[in-house]
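Visitor: how would this look folded up:
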Amino acid sequence: MAKCDLCELKEYTPWYASFTQPFRFTILDCDSCDTPMAVLGDHRAGPTAEERAFMVEALSLIARAKYGEGEFIIDGVMRQIPDHCHMHARPTRWRG
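Guide: Presented below is the predicted three-dimensional model:
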């Protein structure tokens, strides 16, 4: 397998949380767009419905604190790394 930046997750942007239970994932600032993102701990494109729901809720907690209630969207489009599940919390006025 080719090198995956999301598998390595170097700590050069702020980290908000790192979970091991109920499954592995991390919430940190994206180094490309500087928005909070949740990254699944396993290298796979699709989370289970339960994993996705848990990641969205945890990421939303961070986004509400950073942007305010109703001032963000959860963007699940994996543009640069399409084979490793991650999602961004973007401000509603984000231009990417």
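
Visitor: In a strand, Pro69, correct?
Guide: Just so we're on the same page, residue 69 is Glu rather than Pro. No. The assignment for Glu69, made by DSSP: H, G, I helix; E, B strand; the rest coil, is coil rather than a strand.

Visitor: how many neighbours does it have?
Guide: The local packing count at Glu69 equals 9, with neighbours defined by other C-beta atoms under 10 Å. Backbone N, C-alpha and C define where each C-beta goes, glycine included.

Visitor: Can you give me every residue that contacts Gly52?
Guide: Quick fix: residue 52 is Arg, not Gly. By C-beta atoms under 8 Å, 6 or more residues apart in numbering, the residues touching Arg52 are Gly76.

Visitor: tell me the phi and psi of it?
Guide: Recorded main-chain torsions at Arg52 are phi -60, psi -50, according to degrees, to the nearest 10.

Visitor: Work out for me the element the spatially most central residue of the chain sits within.
Guide: In the chain, the C-alpha closest to the average C-alpha coordinate belongs to Ala38, at a distance of 1.9 Å (C-alpha atoms, centre = their mean). Under the criterion of DSSP states H and E, Ala38 resides in strand 36-40.

Visitor: Given that strand, what are its sheet partners and their directions?
Guide: strand 25-29 (antiparallel), strand 86-91 (antiparallel) (DSSP bridges).
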